[in-house]
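Asks: Predicted model, plus sequence, below.
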Amino acid sequence: MNGEPHTDAGKLDYSVVNRYWKKVKPSIMGPYMMEGFGFPASAGRFRFDAERVIVQQLIRTAKVDATGAVLDLGSGVGYWAEYFAPQFKQVVAVEASALLYESMMRRCSSYSNFTAIHDDVLSFEPEGRFSLIFLGGLLMYLNENDVVALLQKLKSWLTPEGIILCRETTVRAGTLTREGDYQAVYRSVPIYLSLFHRCGLSVAQTYLNVPYILMQMGCELIRKWQANVSRNLLIVAAVGHLTYWGLRLGHPWITRMPSAMGVDFPELTNHFFLVRPGPQSPPGGTTSPVSQ
């Protein structure tokens, strides 16, 4: 654990978490937490397309069986389910939010190998086994005991060569619990590695999500702008567009500048974790960016 305390800074109130997701805007921007920053709609698509490159590389590296089934837990509006459907024999997507579930159905119902389930991920019980279980930002909305319980269940739902692929927002050290109307627990990479280890899962790959960091830099810059500029001068839409295209033009070198300058920015990062059932390895490992 590299000396980090293995404890959440606070506990999530699931009634608050569920209330937020019941009313979230069913778009690619809403679940990505990119609403309200003035970004153009293409920003969400850019991030998804760039993350899709990472997922393609991870799936190819892991040699995931394309004749098997995919389980997409907390599937949101269905962009990932739509991506998996042409590549695998079957896709099962589980989503609890009625708004997001309906949006996913409109997006994916034309695929004959697609099954949508309106259910809570903690109570869901599948039929059959999966060669890939995808969690596209789910564990951050669960308290630690439920993270452990869910991961232990997922392990038993895999085929012998199956994998779990998680994408989670992270912090550089310890944990950060966000409170208020939007609640989440952001854990560091060492804490996630330790949680996987506790559940008998071996971490094969830990990848830095560079597209997330690029967009998060914009979100945090605009948040600082909003906090320091008079309300009648905010012009968030114009600032958001300029910030987004500035980041795009400066990609990828702009994401390397903070670390080169010894600055921890942005506050939030994001990682993909490719994990398999044992044999267990000690918690640790390295974080590797995927070349863009």
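Replies: Perfect, thanks for sending it.
Asks: Following whichever strand or helix holds residue 71 in sequence, what is the next regular element?
Replies: Using DSSP states H and E, the element containing residue 71 is strand 69-73. The helix or strand immediately downstream of strand 69-73 is helix 79-84, counting by DSSP H and E.
Asks: mind listing the strands for the stretch 151-292 of the chain?
Replies: For the stretch 151-292 of the chain, applying DSSP state E, counting those that start in this stretch gives strands covering 158-171, 175-178, 184-188, 201-208, 269-277, 288-289.
Asks: helices or strands next to the second one in the packing?
Replies: To tie it back to what came earlier, the one meant is strand 175-178. strand 184-188 (3 or more CB pairs under 8 Å, 6 or more residues apart in numbering; DSSP states H and E). From N, CA and C alone the C-beta is placed, and that goes for glycine too.
Asks: okay, the angle between the strand it packs on and strand 158-171?
Replies: 100 degrees (axes from the mean of the first three to the mean of the last three CA atoms, to 10 degrees).
Asks: could you dump strand 184-188 to CSV, C-alpha only?
Replies: C-alpha atoms of strand 184-188 as CSV (Å, rounded to 0.1, in the frame of the first residue of the first chain):
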residue,chain,number,x,y,z
ALA,A,184,-18.3,10.0,-5.0
VAL,A,185,-15.2,8.5,-3.5
TYR,A,186,-12.0,9.1,-5.4
ARG,A,187,-9.3,6.6,-4.4
SER,A,188,-5.6,6.5,-5.2
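Asks: from here on, count from 16
Replies: With the count now opening at 16, the last piece we talked about shows up as strand 199-203.
Asks: so what secondary structure elements neighbour it?
Replies: On a contact count with 3+ CB pairs under 8 Å, 6+ apart, strand 199-203 meets strand 173-186, strand 190-193.
Asks: Give the full set of residues in contact with the closest residue to residue 256 other than its chain neighbours.
Replies: Leaving out its chain neighbours, the residue that sits closest to residue 256 by CB to CB, 6 or more residues apart in numbering is residue 55, at 5.8 Å. Residues in contact with residue 55, defined by CB atoms under 8 Å, 6 or more residues apart in numbering, are 255-256, 259.
Asks: Quick check: residue 132 touching residue 107?
Replies: Yes - the criterion here is CB atoms under 8 Å, and residue 132 meets it with residue 107 at 6.6 Å.
Asks: Show me which of the two is the more surrounded one.
Replies: residue 107 (23 against 16; other CB atoms under 10 Å).
Asks: quick one: contacts for the more buried one?
Replies: By CB under 8 Å, 6+ apart, the contact list for residue 107 reads 84-87, 130, 132, 141, 145.
Asks: If any of those are buried, put those into a PyMOL selection.
Replies: Selection of buried members from the contacts of residue 107 for PyMOL, criterion 16 or more other CB atoms under 10 Å:
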select buried, resi 84+85+86+87+132+141+145
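Asks: and of the contacts of residue 107, the nearest to residue 226?
Replies: The shortest approach to residue 226 among the contacts of residue 107 belongs to residue 87, at 19.1 Å (CB to CB).
Asks: Next one: that closest one, what pLDDT does it get?
Replies: What the model reports as pLDDT for residue 87 is 98.
Asks: Tell me who's in contact with it.
Replies: Residue 87 touches 95-96, 99, 106-109, 149, 151, counting by CB under 8 Å, 6+ apart.
Asks: Please identify which two of these are farthest apart in space.
Replies: Longest span within the contacts of residue 87, CB to CB: 107 and 151, 14.2 Å.
Asks: follow-up on the earlier one: the helices and strands packed on strand 199-203 into CSV, with extra columns for distance to residue 59, mean neighbour count and mean pLDDT?
Replies: Output for the helices and strands packed on strand 199-203, formatted as CSV (distance: least, CB to CB, whole Å; neighbours: other CB atoms under 10 Å; pLDDT from 0 to 100):
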stretch, distance to residue 59, mean neighbour count, mean pLDDT
strand 173-186, 15, 20, 97
strand 190-193, 21, 18, 94
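Asks: Which single one of the contacts of residue 107 is nearest to residue 25?
Replies: Nearest to residue 25 among these is residue 87, at 28.2 Å by CB to CB.
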